[in-house]
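Participant: this one's sequence-less:
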């Protein structure tokens with residue numbers, strides 16, 4: 001078997017080992033003395049390919065700088081990742097090694113977002129709930145900008161901001177006050193127009209009122225609160241974040257401004273205070 005066939009087989013095996021998401025893939029095409037690598041992303045959200053290192057080549061050159069982080073738009077095909085050209089066709093040539101990579105949900109290159117956006121409180125008009133644990137809370141929010149609203153199971157949860165539902169779980173029916181139960185939480189993930197994500201956690205079993213792919217408006221009922229996952233009592237855990245390839249849990253959490261009271265005041269919510277929604 002010649003060098004080109006050996007390298008082709010190696011790349012195929014590497015693909016089988018690395019790809020875990022059926023809706024994203026990388027592949028290559030040969031056109032004359034050029035090998036071009038492409039990537040498809042058929043998910044409804046952008047994804048980021050983060051490569052561990054530079055490609056290793058034999059008798060080939062890179063006309064362009066190889067970017068170790070590349071963002072693929074949602075529902076996009078044949079995004080060019082890189083290409084290589086043979087130096088001397090009379091000698092052995094090929095791609096000795098394409099680097100391993102990880103795929104992250106979202107655009108990990110985003111560093112800015114709409115920090116002035118005014119979120120609505122995630123519950124119905126006329127309701128009031130206490131923030132049991134706030135930003136950087138001591139129970140489970142260390143170094144995390146998340147909020148826990150204490151509320152009875154079955155409370156209607158409203159979208160605090162408009163966006164696209166990209167993920168949800170609603171089949172779990174158990175929880176406990178230790179990290180061992182973290183994976184048992186029901187939740188909804190919504191992608192916002194500025195690239196941030198919001199998650200609504202600890203929902204009731206079968207308490208999700210939306211579907212993946214839905215475009216929700218601010219104020220839409222999206223679910224029912226519960227006590228699933230890592231929880232020491234019925235509550236809603238709300239968090240907004242940017243995707244990250246280096247941050248804890250593959251994200252960087254951010255603080256959000258909420259309209260409180262009659263809606264004329266906007267503020268960052270604090271721990272151990274109650275907030276009412278009159279709008």
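Facilitator: Received the coordinates, thanks. This is a predicted model, so every value here is computed, not measured.

Participant: isn't residue 195 right up against residue 108?
Facilitator: No. If you go by CB atoms under 8 Å, residue 195 and residue 108 don't touch, sitting 10.0 Å apart. Every C-beta, even on glycine, is put in place using the N, C-alpha and C of the backbone.

Participant: These two - which one has more neighbours?
Facilitator: Ranked by neighbour count (other CB atoms under 10 Å), residue 195 and residue 108 place residue 108 first, with 24 against 18.

Participant: how close does that one get to residue 98?
Facilitator: To residue 98, residue 108 is 20 Å away according to CB to CB, to the nearest Å.

Participant: hang on, the earlier thing: what's the overlap in contacts for residue 195 and residue 108?
Facilitator: Common neighbours of residue 195 and residue 108 (criterion: CB atoms under 8 Å, 6 or more residues apart in numbering): residue 243.

Participant: Was I right to think residue 204 contacts residue 225?
Facilitator: Yes. Taking contacts as CB under 8 Å, residue 204 lies within contact range of residue 225: 6.5 Å.

Participant: Show me whatever sits in contact with both of these two.
Facilitator: Common contact partners of residue 204 and residue 225 (CB under 8 Å, 6+ apart): 153, 154.

Participant: Comparing these two, which residue is more hemmed in?
Facilitator: residue 225 (28 against 21).

Participant: Phi and psi next, for the more buried one.
Facilitator: The phi and psi values for residue 225, taken as degrees, to the nearest 10, are phi -70, psi 160.

Participant: Ok, residue 249 next?
Facilitator: Taking degrees, to the nearest 10, you get phi 60, psi 30 for the backbone angles of residue 249.

Participant: what mean pLDDT does the helix or strand hosting residue 131 have?
Facilitator: Per DSSP states H and E, residue 131 falls inside strand 128-133. For strand 128-133, the mean pLDDT works out to 94.

Participant: next one: stretch 227-246
Facilitator: Taken as a whole, stretch 227-246 has a mean pLDDT of 94.

Participant: can you pull the buried residues of it?
Facilitator: Neighbour-count burial for stretch 227-246 flags 227-231, 234-245 (criterion: 16 or more other CB atoms under 10 Å).

Participant: The residues you listed in strands, which ones?
Facilitator: Using DSSP state E, the subset of the buried residues of stretch 227-246 located in strands is 229, 230, 235, 236, 237, 238, 239, 240, 241, 242, 243.

Participant: Spatially nearest residue to residue 76, not counting backbone neighbours?
Facilitator: Using CB to CB, 6 or more residues apart in numbering and skipping residues adjacent in sequence, the residue nearest residue 76 is residue 41, 5.3 Å away.

Participant: Right, I'll call it a day here.
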